[in-house]
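Just a sequence and a predicted model for now, questions to come.
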Amino acid sequence: MMVAAFDESGHLNDSKMVVFAGCAADPDQWAVLGAKWKQLLDAAGLPYTHMRSAMGYNGVYKGWRHDLDAKEREAERDNLLESLAKELESAVAVKLVGWQTAASFKKLPKDRQKALRGINYCAFEGCIRSILEGTKQPFMLYCDDATKYSNTVLNLYHDLKVTNPDFRKRCGAIAFAEDEMFAPVQAADMFAYCYRSHLSNEKRPIVEKIYDILTKRHEDDRLIEYSETAKLGTGILAKPKTK
């Protein structure tokens, strides 16, 4: 059974798009990645990693390597993130993305936006639909334990169990994990963050380098689209024409 870990990146009011992205692998592959990431993070003096914190030197990266000047600190951070990304790409081949643009969601009537519960959940549906089409194996889901969306994601999970026979047959469980304690969710955070940044054309060198590393092999990118009468669980997956 594959283990798929997902995380979100972006918000309706301050991002061009919202991405739900993740990585899927068997437990042995995740164990290998977890051990290699721990070695790299231990050597860097960090208990775990988080992309937004790394880019802003806050959270777990607050005060990290203040003994260096700004350029040296940035170079060391970039080297660490690149090394983590290379280990992720080496260990985990299957990556999945569901996303929707903020502009397209805002164009929907207000009652439709309310019925869809929010753009984040639309992106989550896109990611689930992507894994159903991208692999035929049974799987378990892990998501970041963020209270702002975990309850609705759980409700959507139950909705999909009812409305989608393939999902009901193949998805064995869903769990919510603290990213600082679970390397697969940290990996999903890295992939989601870099994918959204790339799609948004933010052009940050280290983020673009990680994006290039993580999309060398399999990645299934799906834009999720809704009609003006659609409800959550009935979105239409489309291959983007451009990235």
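In hand now; what should we look at? Numbering: from 1, shown residues only.

Surely Val18 touches Ser9?
Yes: between Val18 and Ser9 there is a contact at 7.3 Å, judged by CB atoms under 8 Å. Bear in mind the C-beta positions are built from the backbone N, C-alpha and C, glycine included.

Helices of this structure, start to end?
27-44, 51-56, 70-91, 102-107, 110-115, 119-134, 147-163, 165-170, 183-199, 205-214 (DSSP state H).

Comparing the ones you listed, which comes out most buried?
Highest mean neighbour count of those: helix 183-199, a mean of 26 (counted as mean count of other CB atoms under 10 Å).

on that earlier part again, look up the residues that both of Val18 and Ser9 are in contact with.
Counting by CB atoms under 8 Å, 6 or more residues apart in numbering, the common neighbours of Val18 and Ser9 are Arg196.

Distance of the residue lying closest to Phe182 once chain neighbours are set aside relative to Ala43?
Nearest residue to Phe182 in three dimensions, chain neighbours excluded: Tyr142, at 6.8 Å (CB to CB, 6 or more residues apart in numbering). Going from Tyr142 to Ala43 by CB to CB, to the nearest Å gives 26 Å.

Where does pLDDT dip in this structure?
Filtered on pLDDT under 70, the chain yields the residue ranges 10-15, 93, 99-105, 107, 112-123, 147-149, 217-243.

switch the cut-off to 80
10-20, 93-94, 96-131, 133-135, 145-152, 156, 163, 216-243 (pLDDT under 80).

wait, doesn't Arg168 sit right on Lys161?
Yes: here Arg168 reaches Lys161: they are 4.8 Å apart, a contact under CB under 8 Å.

Need the residues touching each of those two.
Here Arg168 and Lys161 share no contacting residue, scored by CB under 8 Å, 6+ apart.

before we move on, back to that, just confirm the residue nearest to Phe182 contacts Ala177, I think it does.
Yes: counting by CB under 8 Å, Ala177 is a contact partner of Tyr142 at 5.2 Å.

Are there residues contacting both of those two? Which ones?
Counting by CB under 8 Å, 6+ apart, the common neighbours of Tyr142 and Ala177 are 5, 184-185.

just to revisit the earlier point, now the helices of the chain as JSON lines including distance to Trp64?
Shown next, in JSON lines, are the helices of the chain (distance: least, CB to CB, whole Å):
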{"stretch": "helix 27-44", "distance to Trp64": "8"}
{"stretch": "helix 51-56", "distance to Trp64": "9"}
{"stretch": "helix 70-91", "distance to Trp64": "8"}
{"stretch": "helix 102-107", "distance to Trp64": "32"}
{"stretch": "helix 110-115", "distance to Trp64": "39"}
{"stretch": "helix 119-134", "distance to Trp64": "29"}
{"stretch": "helix 147-163", "distance to Trp64": "26"}
{"stretch": "helix 165-170", "distance to Trp64": "41"}
{"stretch": "helix 183-199", "distance to Trp64": "16"}
{"stretch": "helix 205-214", "distance to Trp64": "15"}
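
would you put the C-alpha positions of stretch 195-209 in CSV?
Taking C-alpha atoms only, stretch 195-209 is exported to CSV below (Å, rounded to 0.1, in the frame of the first residue of the first chain):
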residue,chain,number,x,y,z
TYR,A,195,5.1,24.3,-7.3
ARG,A,196,2.9,27.2,-6.3
SER,A,197,5.8,29.6,-6.5
HIS,A,198,6.7,28.4,-9.9
LEU,A,199,3.2,28.6,-11.2
SER,A,200,2.9,32.1,-9.8
ASN,A,201,6.1,33.1,-11.6
GLU,A,202,7.8,34.4,-8.5
LYS,A,203,11.2,33.6,-9.9
ARG,A,204,13.1,32.9,-6.7
PRO,A,205,16.3,31.1,-7.7
ILE,A,206,16.5,28.4,-5.0
VAL,A,207,12.8,27.7,-5.3
GLU,A,208,13.1,27.3,-9.1
LYS,A,209,16.0,25.0,-8.6
